[in-house]
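Enquirer: Using only what follows, build the 3D model:
(chains A and B)
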Number of protein chains: 2
Amino acid sequence: MDVRTREKAAVEVTTGPLPASRKVYKPGALHDGLRVPLREIAVHPSAGEPPVTVYDSSGPYTDPDVSIEIDKGLPRTREAWIKARGDVETYDGRAVAPADNGFVTGDRLTPEFPALRRPLRAKDGKAVTQIAYARAGIVTPEMEFVAIRENLGRAQAKHALARDGESFGAAVPDFVTPEFVRDEIARGRAIIPANINHPETEPMIIGRNFLTKINANIGNSAVTSSMAEEVEKMVWATRWGADTVMDLSTGRNIHNIREWIIRNSPVPIGTVPIYQALEKVNGTPEALTWEIYRDTLIEQAEQGVDYFTIHAGVRLHYIPLTVDRVTGIVSRGGSIMAKWCLAHHKESFLYEHFEEICDICRAYDVSFSLGDGLRPGSIADANDAAQFAELETLGELTKIAWAKDCQVMIEGPGHVPMHKIKENMDKQLEICGEAPFYTLGPLTTDIAPGYDHITSAIGAAMIGWFGTAMLCYVTPKEHLGLPDRDDVKTGVITYKIAAHASDLAKGHPAAKIRDDALSRARFEFRWEDQFNLSLDPETARDFHDETLPKEAHKVAHFCSMCGPKFCSMRISHEIRDAAQQKGKQEGMEKMAERYRQGGDLYMPADEVEAAGEGGA
Amino acid sequence: MDVRTREKAAVEVTTGPLPASRKVYKPGALHDGLRVPLREIAVHPSAGEPPVTVYDSSGPYTDPDVSIEIDKGLPRTREAWIKARGDVETYDGRAVAPADNGFVTGDRLTPEFPALRRPLRAKDGKAVTQIAYARAGIVTPEMEFVAIRENLGRAQAKHALARDGESFGAAVPDFVTPEFVRDEIARGRAIIPANINHPETEPMIIGRNFLTKINANIGNSAVTSSMAEEVEKMVWATRWGADTVMDLSTGRNIHNIREWIIRNSPVPIGTVPIYQALEKVNGTPEALTWEIYRDTLIEQAEQGVDYFTIHAGVRLHYIPLTVDRVTGIVSRGGSIMAKWCLAHHKESFLYEHFEEICDICRAYDVSFSLGDGLRPGSIADANDAAQFAELETLGELTKIAWAKDCQVMIEGPGHVPMHKIKENMDKQLEICGEAPFYTLGPLTTDIAPGYDHITSAIGAAMIGWFGTAMLCYVTPKEHLGLPDRDDVKTGVITYKIAAHASDLAKGHPAAKIRDDALSRARFEFRWEDQFNLSLDPETARDFHDETLPKEAHKVAHFCSMCGPKFCSMRISHEIRDAAQQKGKQEGMEKMAERYRQGGDLYMPADEVEAAGEGGA
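Expert: Sure thing, here's the model as predicted:
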């Protein structure tokens, strides 16, 4: 694979196209100058097939025609769209305080991003959110962009439109129109996370009637920390298919590292603001105040964070419900808020100030990701009173946020055995009025630390099928440590599998195109095509080479498992060839018909003869 | 981990117990001298908990008190039980022919196993099968052995008996009695693969009302070959949890390598006899004859193969149904038989001679694994006419085998999208009269070669939940190459996850014990216990050490993800401590009660006070 790495401000990121892949840009019809990125994977001419078009979350990093300069940031494509709406103003943003970077100084301070700008916000109380525009009947460029993006060239792929699946009440259309996108957003059934201060994003949509999305978590911690690593993790995660990235940093330099990430991110960035707020009070939950939290929301909104995880559903009177759990409260944000509530004998300030939080989110179009602070951390605690009590409150808050013209999604568990997964999905749809569900896994067993990408992929594929709109990845390091670059890739590929399996089962009209193309390549021994059409061409090729390294074998008409004599696929081709010679084919069908009548164990000799005449 | 390796005839195998684990042997009540192996995992004294008892498929290799001598083979424990039944005789077995080892000579010939014996067979037409005994009302030592083995010390674990799950009509008992085992076998709902010439096995049971089992495939091929590697792969696979092992060798030395494997295997060994038969005719399907195949069955039955995959359901008139498939026939055995049928214009000799095959199986108690030769090899071909036509024939053959007192299980797909998995399970139960289902995956998407252990674990967990009795593993090398030792481990651990997730969802009364013990360890920061209770302690520990290498951190009361200040579990403990101080607890509950009444967004000030009085 052609991977070039560039050094800018000591930041190396992975660039270059994936094998046999070409970035194409589709234009818009309603809006001039839209360039919607898709990836075309070419197949061998012998296939006589068009390239396979797939969703592409990787941004300009995989476009050889774009020169990447990390210290300048990505092109601010959405800026013109945002300003054209005439409802925003620039202003002098909040001044960065030492607390924002955990009081770190000197060499240990991550350098500021060089190209800082004055932030945008809504003019006097206006709602600059996609849901406000959708309700006003406006189809924004962002909406048309995602409509084109979701179709994956589906218009040309009529053969794939035969619908086959069980959607459990989802309304996935044959073809996504901008008007459909607008309507889904207006209803609150989908969101486009798109902070007006993050114009570098390529718009994407999260909703159960669209392709299932995945999120990758990155972020430094008290234990380890580096801006360059985190920026590359973001680029690396989107290269393999992450649709959004959450920066869960908890250590020092949070503000400056986040700035570098956002300026270079083509996907929406999510955060959990309480983590940074806690850093500002030296990690003492009791010391948190609404004012410090509010200041942190504005700080991050001005930088361009696209969605906030807010654990406003952890109410004081729910805390006793967690006392007898096997694993108590495992959400970091949830436990911080619970501690605060107990320490002050008070209702959560997130809950009490929720409408003010809505006002901030509306002024920048920061989407809500209502956190499940009481999610189960073990099979034993799944679907318990604490979890479902919080869900009721999240439903209540969803309606308040909608009333404030804010975009909302809901976070879900966690650890849930397979037989309790659907109950989670069904309750969420009912209680939260079909607001998009965004789940972590769920993990279907607790006994495999080191393999929780797998324990959770099982649950993720199922809940995605049942209706979850975005799946938060879990890496092999879950419960054990911080993911490195390889873990991030493993987590992303694993979750692309879960999301795609969900789309297939829901009957997404375009999902099967890629499976069929890869399977045809497999059956026709087009090894290179099989690698190139896979989610991870490098790994597929490396595994094949371990057994049959020679280039010659890439065109061999047998499998590396069996060798030439045994290959079932090869034999199967001979069968097809024999059967397909006309006449014989007819004969076989006549014979088959005759056989279907008599299903007895032993076949009369004369029928053997008859069959003989008809056969190959 | 204490792993000693022993050299015997240049064979190195992995031995030694798993971390914190002790092999215990439970006695029988009906039969003297039964020693049923289980593994006890000790936890830290601070937990004040008994060790966790888990199923142990690893045989004597993990017992430090047993000295392993590969060239002598394992103790022949079952020999006395078999002979005591008085219905078998020793005789001069079939002489080994050069064709049995693929005509290989000289240095390339794998040495014969040193301790060859005369084989056993049933006296004059007697049925020496577990199903014959079960129907005669006899509870064999094998049946009592599996009853004790399945209970996992369940008698002592009353707390786990609260049933929670959806079993889809399975009848998993609270406690497995020998009589229950007998009855399930008599009905054909379960099998104990136990060839009278493989007395080295520790009996295990396959049926939907028992723990979900997994199979690991090993075997050399034309491409690569070594006896020592295959024996170690078998030991390695069972160490991590493989309940049975299939030897899918297709290259040279098949006969001699298989002898070494069987003599040293504590688990049932399965094969696909057509592979060796084809080697005997130089890989030309058309040259196969019933006589050559029959001779191969006897050869393998005399060696002690416990179950045969037999593709007798691939009938001549089904072949046209595969012609328009995306991936044709992907089963090796299925494609070989299809080729033969077409070449001779004849019905399959496996189908026509099925009753004679039953007679052979009955004489040695070789269980049938009726092969799904027409299983789908791609999402596009799932649940098609060819697959279900063959299933009808497998149902017909099941009833014939049962009439002949033979044990039977049925093989299943393959590649199936999630929404079509349950249909497979339901049809199989109905058509095959609840004979145990044994599925490969199924893979839920085709687009991730290199990750098919994951694409298939999703389908495997689901179909296991729906009722599949044994899951055939898929390794990361599927479709690409032959699994090496690491791939075998990854495949086995992945499938242990799928099988356990199935047992949890079915509501298996003992399944949750291990999850709860591990989760308590996690919540109490007993890191060592968390590693030791996991499916792969080595990997869990290595991952943890990558972030926090110091031994001191193994007792640290914080997670390696967040560092000390942030740990939600630590905070959660403080919450529990606060809440559990009496009086305060009452106060909180009073308060919680008061809150439950009013669910308004803003709480009146006086209630804040009231809450205050009640809180911590």
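Enquirer: Measure how buried the nearest residue to A:H453 once chain neighbours are set aside is and give me the count.
Expert: Sequence neighbours aside, A:T494 is the residue nearest to A:H453 in space, at 4.4 Å (criterion: CB to CB, 6 or more residues apart in numbering or on different chains). C-betas here are computed from N, CA, C, even on glycine. Using other CB atoms under 10 Å in any protein chain shown, A:T494 has 29 other residues around it.
Enquirer: same deal with A:T105?
Expert: A:T105 is flanked by 9 other residues according to other CB under 10 Å.
Enquirer: got it, and A:P27?
Expert: For A:P27, the count of nearby residues is 11 (other CB under 10 Å).
Enquirer: List the contacts of A:D92.
Expert: Listed by CB atoms under 8 Å, 6 or more residues apart in numbering or on different chains, the contact partners of A:D92 are A:R118.
Enquirer: So it belongs to a helix, correct?
Expert: No. A:D92 is assigned coil when assessed by DSSP: H, G, I helix; E, B strand; the rest coil, not a helix.
Enquirer: where does the stretch 201-350 of chain A dip in pLDDT?
Expert: A:221-225 (pLDDT under 70).
Enquirer: give me every residue that touches A:R163.
Expert: If you count contacts by CB under 8 Å, 6+ apart, then A:R163 has A:D174, A:G507, A:P509 around it.
Enquirer: Quick one, grab the pLDDT at the residue nearest to A:H453.
Expert: At A:T494, the pLDDT value in this model is 98.
Enquirer: which element is it on?
Expert: Assigned by DSSP states H and E, A:T494 belongs to helix A:485-506.
Enquirer: So the helix or strand just after that helix, near chain B or not?
Expert: Note on helix A:485-506: by DSSP H and E, the next helix or strand toward the C-terminus is helix A:511-523. Yes. Interface with chain B: helix A:511-523 contributes A:K512, A:R514, A:D515, A:D516, A:L518, A:S519, A:R520, A:R522, A:F523 (CB under 8 Å from any CB of the partner chain).
Enquirer: Just give me the neighbour total for the residue nearest to the last one when sequence neighbours are not counted.
Expert: Same thing as A:F523. Among residues not flanking A:F523 along the chain, B:T327 sits closest, at 4.5 Å (CB to CB, 6+ apart). Residues lying near B:T327 (other CB under 10 Å) number 24.
Enquirer: Surely B:T327 and B:S378 touch.
Expert: Yes. Using CB atoms under 8 Å, B:T327 is in contact with B:S378, at 4.3 Å.
Enquirer: and for the two, which residues touch both?
Expert: A:S519, A:R522, A:F523, B:H415.
Enquirer: Report the two of these separated the most.
Expert: Within the shared contacts of B:T327 and B:S378, A:F523 and B:H415 form the most distant pair, 11.9 Å apart (CB to CB).
Enquirer: who touches both of those two?
Expert: In contact with both A:F523 and B:H415: B:T327, B:G377, B:S378, using CB under 8 Å, 6+ apart.
Enquirer: any weak-confidence spans in chain A?
Expert: For chain A (pLDDT under 70), the answer is A:1-10, A:153-161, A:221-225, A:548-567, A:579-616.
Enquirer: Please tell me how far A:P51 sits from A:D92.
Expert: 49 Å (CB to CB, to the nearest Å).
Enquirer: leaving aside the residues next to it on the chain, what's closest to A:T444?
Expert: B:A501 (4.1 Å).
Enquirer: Around that neighbour, how many other residues sit close by?
Expert: 32.
Enquirer: where does A:R39 land in three-state SS?
Expert: strand.
Enquirer: Excluding chain neighbours, give the residue nearest to it in space.
Expert: According to CB to CB, 6+ apart, the nearest residue to A:R39 is A:D56 (4.0 Å).
Enquirer: Tell me who's in contact with the one you found.
Expert: Counted by CB under 8 Å, 6+ apart, A:D56 has contacts A:K23, A:P37, A:L38, A:R39, A:T62.
Enquirer: Ok, A:A380 next?
Expert: Contacts of A:A380 by CB under 8 Å, 6+ apart are A:R325, A:V326, A:T327, B:K512, B:D515, B:D516, B:S519.
Enquirer: Which pair in the residues you listed has the greatest spatial separation?
Expert: Farthest-apart pair in those is A:R325 and B:K512; separation 14.4 Å (CB to CB).
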